[in-house]
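In: sequence first, predicted coordinates after that:
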Amino acid sequence: MSPAAAPILITGGAQRIGLAMVNHFIASQQPIILTYRTRHDVIDDLESQGVICIHADFDEPDAIAKLSTEISAHTATLRGIIHNASSWDCEAHNSDYSALFDNMMRIHAKVPYLLNHALSNLLLAGGSITDVIHITDYVVEKGSPKHIAYAASKAALDNLTRSFAAKFAPKIKVNSIAPSLIIFNQDDSEEYKAKTLKKSIMGIEPGSKEVINSVEMILNSNYMTGRTIQIDGGRHLR
C-alpha cells in the first residue's frame, strides 16, 4: 500500500460486507482503517497486510472521542468514511423496546452523526474531494413491521445523508447505499432463502460485489452528493 495515499475508514469492517470491502481495497492498494467490536481471527491476517484495525465498542459513552483520537494518531488525512457498522436486532427478539430503540439509533444514526463531525477535519485536510458513505437499507423506503426500530434508525441515517451533503459541500461528498438482500447468513434455512429471494424481481443473492461496485461509483464521481444508490433487485416493483 502506498504510504502517501490517505486511508478510508470502514466501520464494522471485520465481517460480511465490511470485510469484502476491506479485501477489495487491499487488492487495489488503497490504505484502510477499520473498526471492529469483536476481534475475529481475520483481524490478525488483516493487520499483517497493513490494515489498521481499531477496537471500538460504540455502546461505550466515550467511544467516539477515543476512536477519533486513535485515528488522528495514525493519519492526518482521510480519503473517506464508510459507515457500515450495523445491528440487525428486532422487536421479536428484544422485548425491551426502549433499549432496542436507543441501541438502533445509537449505532445507525448517532455514531455516524458524531463521527462525521469529529473527523471532518481529516477529510478536509488533503485538499481533494473526499467522501462519506452511509450504508442504509431498503426498508428506509418501505418500513418494516418486524424491524420497526431498525427501520427508523436507518431512515434517520438516510436523512443525515442529505443534511451532511449540504453542510460539507463542495469539499466532501456525502451519499448513501441502500441494499436489501446482499448475502445470506451461513445458518439461514433453505426455506428462508427461498422466501427471501421471491421478494425481488431479480430473484438472486447478488453478493458483496454489488455494494463494492456502488462504493466505487461514488468514490469515482466528482458530482454526485446527497443521493442514494438503491441495490434491491427491484423489490419496489413487487
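Out: Happy to help now that I have it.
In: from Gly226, how far off is the closest residue to Arg37 other than its chain neighbours?
Out: Nearest residue to Arg37, sequence neighbours excluded (Cβ to Cβ, 6 or more residues apart in numbering): Asp57, at 5.6 Å. Backbone N, C-alpha and C define where each C-beta goes, glycine included. Asp57 sits 31 Å away from Gly226, taking Cβ to Cβ, to the nearest Å as the criterion.
In: so which of the two has more stuff around it?
Out: More crowded of Asp57 and Gly226, by other Cβ atoms under 10 Å: Gly226, with 16 against 12.
In: contacting residues for that one?
Out: Contact analysis of Gly226 by Cβ atoms under 8 Å, 6 or more residues apart in numbering lists 161-162, 165-166, 174-175.
In: using the three-state scheme, assign the residue nearest to Arg37.
Out: Counting by DSSP: H, G, I helix; E, B strand; the rest coil, the backbone at Asp57 sits in coil.
In: ok, which stretches of the chain are helices?
Out: In the chain, the helices defined using DSSP state H lie at 16-27, 42-48, 63-74, 97-105, 111-124, 139-142, 148-168, 190-197, 209-219.
In: so what strands line up beside the lengthiest strand in the chain?
Out: In terms of residue count, the longest strand belonging to the chain (DSSP state E) is strand 172-179. Strand 172-179 has the following strand partners under DSSP bridges: strand 130-135 (parallel), strand 228-231 (parallel).
In: would you reformat these as JSON lines and include distance to Ile204?
Out: Shown next, in JSON lines, are these (distance: least, Cβ to Cβ, whole Å):
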{"stretch": "strand 130-135", "distance to Ile204": "20"}
{"stretch": "strand 228-231", "distance to Ile204": "12"}
